[in-house]
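In: My questions are about this predicted structure, shown below with the sequence.
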Number of protein chains: 2
Amino acid sequence: MDSELDDRKAAILRAVVEQYIETAQPVGSQNVADRTEVSVSSATVRNEMVALEKDGFLAQPHTSAGRVPTDKGYRFFVDQLVRPGPLGPAERQKVREFFARAHGELEQMLQDTSRLLSGLTSYAAVVVGPPAETATIRSVQVVGLGARVAMVVAVLSNGAVVKHTIELDDSVGEEHLGAVTAHLAPHVVGRSLVDLADVPPSGNAVLDTVTNQATGALRVTAREEPDHVFVGGAARMAAAFDAVETVRSVLDTLEQQYVVVSLLRDVLDRGLSVAIGHEHGLEPLSECAVVVAPYGGEGGSRGSIGVLGPTRMNYPQALAAVAVVSQRLGHRLEEG
Amino acid sequence: MDSELDDRKAAILRAVVEQYIETAQPVGSQNVADRTEVSVSSATVRNEMVALEKDGFLAQPHTSAGRVPTDKGYRFFVDQLVRPGPLGPAERQKVREFFARAHGELEQMLQDTSRLLSGLTSYAAVVVGPPAETATIRSVQVVGLGARVAMVVAVLSNGAVVKHTIELDDSVGEEHLGAVTAHLAPHVVGRSLVDLADVPPSGNAVLDTVTNQATGALRVTAREEPDHVFVGGAARMAAAFDAVETVRSVLDTLEQQYVVVSLLRDVLDRGLSVAIGHEHGLEPLSECAVVVAPYGGEGGSRGSIGVLGPTRMNYPQALAAVAVVSQRLGHRLEEG
DNA sequence: GCCTGGCAGTCGGTACAATCGAGTGCTAAT
DNA sequence: ATTAGCACTCGATTGTACCGACTGCCAGGC
C-alpha cells in the first residue's frame, strides 16, 4: 500500500495532526507553512495536501475549509511520527504519590487507578481486573445463610474473593456444611477456578450432593463472573465532544461492561496498543480512539488498562500515561 | 405561608407543569386556556399567572415568553396535585419479568435493579446497597496470601462478603492463621460488624497480635467500606439536558459515590421522597430532581433507591416506578 | 522540473436589519 | 369578576451583505 510518505508529506501530516489535536479546528495550508519545521510556501503545502487527501490521510469538511486528519492519518501519526512521549513532571508526581499511598483492597485500588489514569489524560479510563483464571484458590468455605440457601466463598491468591449462592435441599442442616467445607477444601485449594477436578465421592449422599453443587458454583463463577471493570472519569467524555448525542452513545457503550472488556481484549489480541475510530468495530465509538496496555508480569495476574478519548486525543500523552501506569500497577500487584 | 392556592390557580399551575414536562417549552396563557380543565379565557389565565409568578410558583425566562415552573412550582405539583400515578402495563410487565428471573448474587441483582429502574423511567437510577451494620457475621476466616500478607474474610447474613488485608510480622507462619481463625470466630460470629467486642487474649502473643489485627480490620471495613452504590443509565442524563456542560457536571457528581449516597440519605432523613432543584444542597445537581424510596422491611436489611432526572421529570411515572421497584426489591431480599 | 507568488473562486461565519409571532400587561366594557 | 381587545416586547427566523480563511490553478522564476 501507500503507507510510505516522503519526509515532507510526513512533516505536513504531523503538523496538521498536532495542530488539529490542539485546536479542534480544521488547519489550513498557511498555518502549516508558518511552522518552522516546514520551510516551504503555503502553495506547496496545498499541493502536498491534495496528495495526502487523495491517499486518504486527510479530509476536508467542506470546500474552502482547512484539512482534518482521517483515521488513517491518525494511524500513520501514531505509528510513524510519535515516540511514546515523556510524561510531564506534574503527572510523574501524581503517579508517584498515587502508588506511594496505594493501599488495601484490590478492587478499590483498581477503581482508584482508573481515576488516576483519567486524571492524567483527562479522558475516560478503563481498568480491567485480572481474570480469575490466573489465580489459584487459597481457601474455600461453604456458609449457611438462610433456611435453604448457602454461599460458597473462595479466596484467590491475587486477593480477589468469589462467591456464589447455592440452594439447599431441606434435608441439609447447618452441621453438614462444615463437613462439606472440610471435604471440599483439600481438592480445590491450590488449583485455579478453571481447572477444578471433580471431588471424589465420600460415600455420604447428602454430603456429596452439596459438594458437587459447590464445585459447580465455583465453576460458574469462573465462567460467568464478569471480569471486573472499573471506569473512571466518564464525565470527561462530555467535555471531549460537543454533540450531546455523541456523548450519550459513548456513555451508553461505556456502561455495557462486557463490551468494554472485549474491546480492550480485541485490541490487545491484534497486537495493537492503539485503536482509532472505525478500526475497532464499535459503531457508537467510531469517533473515539482507545489506548490500551496490558499490566502484570508473566508470573502474576494479568489485566489491561485503557484510555478512551476522541480520535483527536493527545496520543503522546495518553501513550505515556498508559505505559507508566500499567507498568507501576503491574509491579504493585506482583509484590502483593 | 402562601402554600395554599385556590382551585383555579392550582389547575393552571398543573396545566403549566404538565405541559412543560411534556414539551420543555415555556407555556403561554392561550395554551393553558385551550385545555378543557380550565374553562376561562386566556386573559384570566394571564391574570392568575402574574399572581402565581409573584408567589414564586412560576417564572418567565424573559418578557413576552410563556411561563416555566420554579422549584417551588414543582414542589406544589408533587405535593398537592399528583397521585402516585399508575404504572403503564408495559412497565408492569417489565418489572414482573425482572423479578421473576432475578437470581443470584446480591451485588449483581442491585446493579440490575438500577438498570431496570433506569429503563422504566428513562432517567438515571441509583441503588444503594444495604449497609453492613444491619447484617450479622455468619463466618470469618483469615487466609494467607503472600509472604507477609493475609486477608480477613467475613460472610454476612445478607449474603455480602467483606474482606480486608492485613500485614503480618515475619514471625507469623501459615500455620498460625488457622489458629487465629479458630480463636476469633466464636467471638465475632453472630455479631454485627459495628459492635465487635474485643477478643479475650489467649496467652499466645503472636496469636493475639494477629487476632487483634483481624478484628481491627473488620472494624475498618464497617467504617470505611463505602456503601455499595450502583448507578444505572447515567447515559440517559445526556439526553435529558442539552447543555453539554450541565451533562458533564451531573455525571461528575454521579461518579462521586459518597455524594450520591449522602444525597439519598439526606432526602430520606428529611422525610421526603422527592427533592427538587436547590432543595438538596448540591449545586451541580441544581437542575435535577431526585425521587427516592427506602426498600427492605423492618426485619431485613434496608437500603434505598432513587431516580435522578431533570427537574422537569415525569413525576407521576417516576414516583410509581420507584414505589413499585422498592417494594418488590424489599420483598425479594427478605425471602433471601 | 520543482517551487512559489498571485489570483479567482468557494463557502462558512458574522453582523445587521427587517419581519414574524407568541405572549404579555393593561384597560375598558360587560 | 371576567373577558375582549390592543399596544407593546422580545426572542427567533429570515435575508443580505460582507469578511476572511481557505482552496485550486496557473504562469513565471530558480
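Out: Alright, I've got the coordinates.

In: Compute the number of surrounding residues for residue A:197.
Out: When counting by other CB atoms under 10 Å in any protein chain shown, one arrives at 9 neighbours for residue A:197. Quick note: C-beta positions are derived from backbone N, CA and C, even for glycine.

In: what sits against it?
Out: A:187, A:191 (CB atoms under 8 Å, 6 or more residues apart in numbering or on different chains).

In: ok, the closest residue to DNA strand D within the stretch 1-150 of chain A - contacts?
Out: Nearest to DNA strand D in the stretch 1-150 of chain A, going by CB to the nearest atom of the strand, is residue A:28, at a distance of 2.3 Å. The neighbourhood of residue A:28, defined by CB under 8 Å, 6+ apart, consists of A:42, A:66-67.

In: Among those residues, name the ones in strands.
Out: Assignment to strands by DSSP state E places none of those there.

In: Other residues contacting the helix or strand harbouring residue A:90?
Out: Using DSSP states H and E, residue A:90 maps to helix A:89-100. Helix A:89-100 has contacts (CB under 8 Å, 6+ apart) with A:87, A:112-113, A:116, A:119-120, A:321, A:324-325, A:328, A:332.

In: now residue A:199, what's its secondary structure?
Out: On the three-state scheme (DSSP: H, G, I helix; E, B strand; the rest coil), residue A:199 is labelled coil.

In: Any of the contacts of residue A:28 buried? List them.
Out: Buried residues within the contacts of residue A:28, defined by neighbour count using 16 or more other CB atoms under 10 Å in any protein chain shown: A:42, A:66-67.

In: Would you point out the most distant pair within the contacts of helix A:89-100?
Out: Put simply, by CB to CB the two of the contacts of helix A:89-100 set farthest apart are A:87 and A:112, 18.4 Å from each other.

In: in the stretch 151-300 of chain A, which spans are strands?
Out: Here the stretch 151-300 of chain A has its strands, by DSSP state E, counting those that start in this stretch, at A:161-167, A:229-232, A:274-276, A:288-295.

In: mind listing what's buried in stretch A:36-55?
Out: Neighbour-count burial for stretch A:36-55 [16+ other CB under 10 Å]: A:38, A:42, A:44-45, A:48-49, A:52, A:55.

In: Same check on stretch A:63-83?
Out: Result for stretch A:63-83 [16+ other CB under 10 Å]: buried residues A:66-78, A:81-82.

In: ok, back up a step: pipe the buried residues of stretch A:36-55 into JSON lines and attach secondary structure and pLDDT per row.
Out: Output for these, formatted as JSON lines (DSSP: H, G, I helix; E, B strand; the rest coil; pLDDT from 0 to 100):
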{"residue": "A:38", "secondary structure": "coil", "pLDDT": "80"}
{"residue": "A:42", "secondary structure": "helix", "pLDDT": "92"}
{"residue": "A:44", "secondary structure": "helix", "pLDDT": "95"}
{"residue": "A:45", "secondary structure": "helix", "pLDDT": "95"}
{"residue": "A:48", "secondary structure": "helix", "pLDDT": "95"}
{"residue": "A:49", "secondary structure": "helix", "pLDDT": "95"}
{"residue": "A:52", "secondary structure": "helix", "pLDDT": "96"}
{"residue": "A:55", "secondary structure": "coil", "pLDDT": "95"}
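
In: hang on, the earlier thing: now, the buried residues of stretch A:63-83 that are in helices?
Out: Those of the buried residues of stretch A:63-83 mapping onto helices are A:71-76, per DSSP state H.

In: What helix or strand is the residue in the stretch 201-336 of chain A positioned nearest to DNA strand D located in?
Out: Residue of the stretch 201-336 of chain A nearest DNA strand D, by CB to the nearest atom of the strand: residue A:312 (16.2 Å). Remark: residue A:312 resides in no helix or strand, with elements defined by DSSP H and E.

In: Ramachandran angles for it?
Out: When read as degrees, to the nearest 10, the backbone of residue A:312 gives phi -90, psi 50.

In: Just to check, it is in contact with residue A:24?
Out: Yes. Counting by CB atoms under 8 Å, residue A:312 touches residue A:24, with 6.4 Å between them.

In: more neighbours, these two?
Out: Remark: of residue A:312 and residue A:24, residue A:312 carries more neighbours, 18 against 12, as counted by other CB under 10 Å.

In: check contacts around that one.
Out: By CB under 8 Å, 6+ apart, the residues touching residue A:312 are A:20-21, A:24, A:69, A:74.

In: for those residues, which one is nearest residue B:306?
Out: Of all the contacts of residue A:312, residue B:306 sits closest to residue A:24, with 36.5 Å by CB to CB.
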